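# could you look at this predicted model? Sequence included:
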Amino acid sequence: LLLISVAIVAILLLQDPDAPLIPSLRPAPEIPPSLSLDPRLLQSRLDQIVAVDPGTDIQAVVDEHPPGSIFLIRSGIYRLQQIVPRDGDIFIGEPGAVLNGARLLEGFEAENDYWLLRDQPEELWVAGECLSDFPRCNYANDLFLDDKPLQQAGSLDDLEPNTWFFDYDSRTIYLAADPTNRVIELSSRVAAFQSEARDVLIYGLTVEKYAGPGQVGAIRAIDGSNWRIEGSVVRLNSGGGITVGNGTQVINNRVIDNGQIGVSGIGDNIVVEGNEIAHNNFAGYDAGWEAGGTKFVESRDLLVRGNYVHHNHGPGLWTDGSNINVLYEHNLVVNNGGTGIFHEISYDAVIRDNVVMYNAATTRQMFAGGIHAGRGRGRSTQSACRGINGAGHRHRAWHQRCASGRRRRAVVAAGLQLHAAPHLPPVG
């Protein structure tokens, strides 16, 4: 203890004496009300509302109207749609409006102990690193049996009833389960939305079963700016759910059951607020590569507030690599396989008023815990944060070398406040 105290004092003496103990907080950005919910806007722009019915090529409809139009997506399933928004486009989904990136598969034939479907057109696209038990986690195509994703076997010899195998050389899909009277789907399109447009709004849609590889979201806002994704369900996509960029706002969505990660990206002034982010990384990516609830890199003025982040196979909330001025507050982060809140190789951050419990129960990583802040510059502070976390892990604040290899100011070596909550009930 004496040596640790001496080390902390030495670290503090090396810091800028004029620097504040706690980084100054920028005002939390005001979240404007959704344009799609403002009846005055709709009333004033009735002539710009374009209704889109199931069976319609949405992109063709978009191309027929000027930028800044409002597209009302009627209830129904829209398969294999890929949309390139223009500046100011608004996409509003009626309840039950689903963009589905998967093909229906029919015509399987029984052969020996398998069911086969030949002449499949998908190309092999691999990105990311897998856990040993999931050798093809990073293959972009997923197969769904009655809406449930099946694990892709590493070889035909490994095929079991709850798995499938794609022989890309012969373009043949193999199933062990009888597909008769079952709904079989194969994710095929990469992304539902992708463009370099500004000020795009996506509201009230379900976006599912797109075949983006690792680090590619089914809603790809990273190439544009000031996109807002709100009130939507983003699920069962092979790679990421939503990939954010400059000015992206991800508000009040359910981002669940995606193959690699829920929300990820890079950019300035990103807001992630009021979402459920859960059960991501069903494909079995190695979380040390990138997987789990969220991950942000090289962000500035990132706000992550009021989210329910749970049961992700990897870290819950993760900033990794040159993030600066990050605010994590009022999040409920529970039952994630990796660290609950992980601020890594980054700069000033404030982590306050979060409930962080029962995380890191399935990882053996040295730095796992409820909250971990380390390997960066600047200071983080956790205040009024409650935490009980598994596998013997606690909240950790490490002073290590930054990315350049030079020693810098300590990351919460002092001023760290963590308040245990031994009487909190379990969170299911």
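That came through, no problem.
# quick one: low-confidence ranges for the chain?
For the chain, the stretches flagged by pLDDT under 70 are 1-46, 362-369, 374-428.
# quick one, helices of it?
Ranges of helices within the chain are 2-13, 39-44, 58-63, 287-290, based on DSSP state H.
# how far does stretch 339-359 sit from the chain's center?
Stretch 339-359 sits 16 Å away from the centroid of its parent chain (CA atoms, centre = their mean, to the nearest Å).
# may I have it as CSV, with CA atoms only?
Written as CSV, here are the backbone C-alpha positions of stretch 339-359 (Å, rounded to 0.1, in the frame of the first residue of the first chain):
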residue,chain,number,x,y,z
THR,A,339,-16.4,-5.1,-18.9
GLY,A,340,-19.5,-3.0,-18.3
ILE,A,341,-18.0,0.4,-19.2
PHE,A,342,-14.5,0.3,-20.8
HIS,A,343,-12.6,3.6,-21.6
GLU,A,344,-9.4,2.5,-23.2
ILE,A,345,-6.4,4.3,-24.8
SER,A,346,-8.4,7.5,-24.8
TYR,A,347,-8.6,10.9,-23.2
ASP,A,348,-10.8,13.0,-20.9
ALA,A,349,-14.1,11.2,-19.9
VAL,A,350,-16.7,11.5,-17.2
ILE,A,351,-18.5,8.4,-16.2
ARG,A,352,-21.2,9.2,-13.7
ASP,A,353,-24.5,8.1,-12.2
ASN,A,354,-24.5,4.7,-14.0
VAL,A,355,-25.7,1.4,-12.5
VAL,A,356,-23.1,-1.2,-13.5
MET,A,357,-23.7,-4.8,-12.2
TYR,A,358,-23.0,-8.4,-12.9
ASN,A,359,-20.6,-7.8,-15.8
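# list the buried residues of it.
For stretch 339-359, the neighbour count (16 or more other CB atoms under 10 Å) marks 339-352, 354-359 as buried. (C-beta placed from N, C-alpha, C; glycine too.)
# repeat that for stretch 51-71.
Quick answer for stretch 51-71 (16+ other CB under 10 Å): 52, 58, 61-62, 69-71.
# tell me which two of those sit farthest apart.
The largest separation in these, counting by CB to CB, is between I58 and I70 at 13.2 Å.
# quick check: T243 touching G214?
No: at 11.0 Å, T243 does not count as touching G214 under the criterion of CB atoms under 8 Å.
# tell me how many other residues crowd R228.
A count of neighbours around R228, defined by other CB atoms under 10 Å, yields 22.
# now it: how far from R198?
For R228, the distance to R198 (CB to CB, to the nearest Å) stands at 11 Å.
# could you do G212 as well?
Taking CB to CB, one finds G212 at 22 Å from R198.
# of those two, who's got more company?
Neighbours were tallied for G212 and for R198 using other CB under 10 Å; the higher tally belongs to G212 (29 against 17).
# check contacts around the nearest residue in space to that one that is not next to it in sequence.
Excluding the flanking residues, the one nearest G212 by CB to CB, 6 or more residues apart in numbering is G239, at 3.9 Å. By CB atoms under 8 Å, 6 or more residues apart in numbering, the residues touching G239 are 127-128, 140, 212-218, 258-261.
# pick out the most distant pair among those.
Largest separation among the contacts of G239 by CB to CB: G128 and A218, giving 15.8 Å.
# the more surrounded of those two?
A count of neighbours by other CB under 10 Å puts A218 above the other of G128 and A218, at 31 against 21.
# now do the contacts for the more buried one.
With CB under 8 Å, 6+ apart, A218 has these contacts: 101, 191-193, 207-208, 210, 212, 234, 237, 239-242, 258.
# repeat that for 6 Å
Contacts for A218 (CB atoms under 6 Å, 6 or more residues apart in numbering) come out as 191-192, 207, 210, 212, 237.
# W289 too?
By CB under 6 Å, 6+ apart, the residues touching W289 are 128-129.
# please report how far it lies from D87.
Distance check for W289 against D87: by CB to CB, it reads 35 Å.
# contacts for the lengthiest strand in the chain, please.
Longest strand in the chain, counting residues (DSSP state E): strand 292-305. Contact with strand 292-305 is made by 262-264, 266, 268-273, 277, 280-281, 309, 312, 314-330, 338, as judged by CB under 6 Å, 6+ apart.
# the residue nearest to L175 when sequence neighbours are not counted pairs with what?
In space, and not counting its chain neighbours, L175 is closest to W115: 4.3 Å by CB to CB, 6+ apart. Bridge pairing for W115 (DSSP bridges) gives the partners A110, L175.
# residues near W115, how many?
Neighbour tally, W115, other CB under 10 Å: 19.
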